[in-house]
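1. kindly return the folded structure for what I paste below:
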Amino acid sequence: MTASRTRVERWENKLQQVFDEIDAELEAEGRNLKYTRHPARPPAGATGNPEDDGLFDLGAAFSVGIGSRHGRGYVVQARIATLDHVSAAAQKKLEDDVARRLRKKLPAAFPGVKLHVNRDGHVYKIHGDLSLGQV
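-> Take a look at the predicted model:
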């Protein structure tokens, strides 16, 4: 991490590291899943970015929160990268699992920062103290 990065970039980098940890856990556990990795994606760990390889594609995108009951925050994106059919129940199970893991990991990644992970409509959102603190 360089000093020339903005506070937002440092904050989002920390958040991405949390998602990368969760991705690695899911990849290790996902060997028993019935899904076949998308043929255009290399095996887990083959690239420098876990979003680009393996069975899972995790991350978050900032939302200003228009129409949201939680306001601004990061919309959690979690998908199984496959051509196989993924049922709505399996998708929800993945999203619930990622949200549970985020709730556990965010306090360690952002000590003293009050962040929440809640459903916001049909997606999960990370919301709360987004003031960037001492990042």
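2. just for the protein, where's the confidence low?
-> 1-3, 31-32, 132-135 (pLDDT under 70).
3. how about the helix or strand containing Ile126, which residues are buried there?
-> Taking DSSP states H and E as the criterion, Ile126 maps to strand 123-128. By neighbour count on 16 or more other CB atoms under 10 Å, the buried set for strand 123-128 is 124-128. Glycine gets a C-beta too; all of them are placed from N, C-alpha and C.
4. and of those residues, the nearest to Thr6?
-> Ile126 (18.9 Å; CB to CB).
5. grab the nearest non-local neighbour of the closest one.
-> Tyr74 (4.3 Å; CB to CB, 6 or more residues apart in numbering).
6. which parts of this structure are strands?
-> Counting by DSSP state E, the chain has strands at residues 56-63, 73-80, 115-120, 123-128.
7. for Val64, what are its contacts?
-> Val64 makes contact with Arg72, according to CB atoms under 8 Å, 6 or more residues apart in numbering.
8. quick check on it: phi, psi?
-> Per-residue torsions, Val64: phi -70, psi -10 (degrees, to the nearest 10).
9. how about the nearest residue to the residue nearest the centre of the chain, chain neighbours excluded?
-> Closest to where the C-alpha atoms of the chain average out (CA atoms, centre = their mean) is Gly59, at 3.5 Å. Leaving aside its chain neighbours, Gly59 sits nearest to Gln77 (5.0 Å; criterion: CB to CB, 6+ apart).
10. my guess is that neighbour contacts Ser63, does it?
-> No. Counting by CB atoms under 8 Å, Ser63 is not a contact partner of Gln77; they are 11.1 Å apart.
11. quick one on the thing from earlier: nearest to Arg5 among the strands of the chain would be which one?
-> strand 56-63 (16.2 Å).
12. what sits against the residue nearest to Glu27 when sequence neighbours are not counted?
-> With CB to CB, 6+ apart as the criterion, Glu27 has its nearest non-adjacent residue at 4.1 Å, and that residue is Ala44. Ala44 makes contact with 23-24, 27, 50, 53-55, according to CB under 8 Å, 6+ apart.
13. give me that answer again for 6 Å
-> By CB atoms under 6 Å, 6 or more residues apart in numbering, the contact set of Ala44 is 27, 53-54.
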